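Participant: structure for this input, please:
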Amino acid sequence: MRLCRECGHVGCCDQSIGRHATGHFLQTGHPVMEGYDPPEGWGWCYVDEIMVDLPDQTEQVGPIPHFY
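Facilitator: Next comes the predicted model:
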C-alpha cells in the first residue's frame with residue numbers, strides 16, 4: 001500500500017492491477033507517496049521520479065484501509 005504524503009489517500013502500488021497510487025498522483029498532482037504497509041521509511045516522488053528517504057514516517061494507527 002502507498003500513502004499520499006499530502007492528503008493521506010491510500011492506494012495500491014504499480015505492481016497491483018489498479019495502480020491506485022499512481023492514479024491518485026495523475027488526478028491530483030500530489031507528488032510524494034510513502035510505502036505504508038507497514039510504514040517502510042521510504043517514498044517515491046512522481047515529479048522527479050526518484051526514491052526519497054522518509055525518516056518522519058506516518059504512524060500507522062489501526063488497520064490499513066483496502067480498496068477493491
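
Participant: only C-alpha atoms for contact and neighbour calcs from this point on.
Facilitator: Noted.

Participant: can you verify Gln27 is assigned to a helix?
Facilitator: Yes: checked against DSSP: H, G, I helix; E, B strand; the rest coil, Gln27 lies within a helix.

Participant: now do the contacts for it.
Facilitator: If you count contacts by CA atoms under 8 Å, 6 or more residues apart in numbering, Gln27 has none.

Participant: with the one 3 residues further on instead?
Facilitator: His30 makes contacts with Cys4, Arg5, Glu6, His24, as judged by CA under 8 Å, 6+ apart.

Participant: looking at these, which is nearest Cys12?
Facilitator: Nearest to Cys12 among the contacts of His30 is His24, at 10.0 Å by CA to CA.

Participant: how far is the helix or strand where the closest one lies from where the chain is centred?
Facilitator: Per DSSP states H and E: His24 is located in helix 20-28. Relative to its chain's centre, helix 20-28 lies at 10 Å (CA atoms, centre = their mean, to the nearest Å).

Participant: longest strand of this structure?
Facilitator: strand 39-45 (DSSP state E).

Participant: quick check: mean pLDDT across that one?
Facilitator: For strand 39-45, mean pLDDT is 87.

Participant: then stretch 22-33?
Facilitator: 97.

Participant: buried sites along that stretch?
Facilitator: Thr22, His24, Phe25, His30, Pro31, Val32, Met33 (16 or more other CA atoms under 10 Å).
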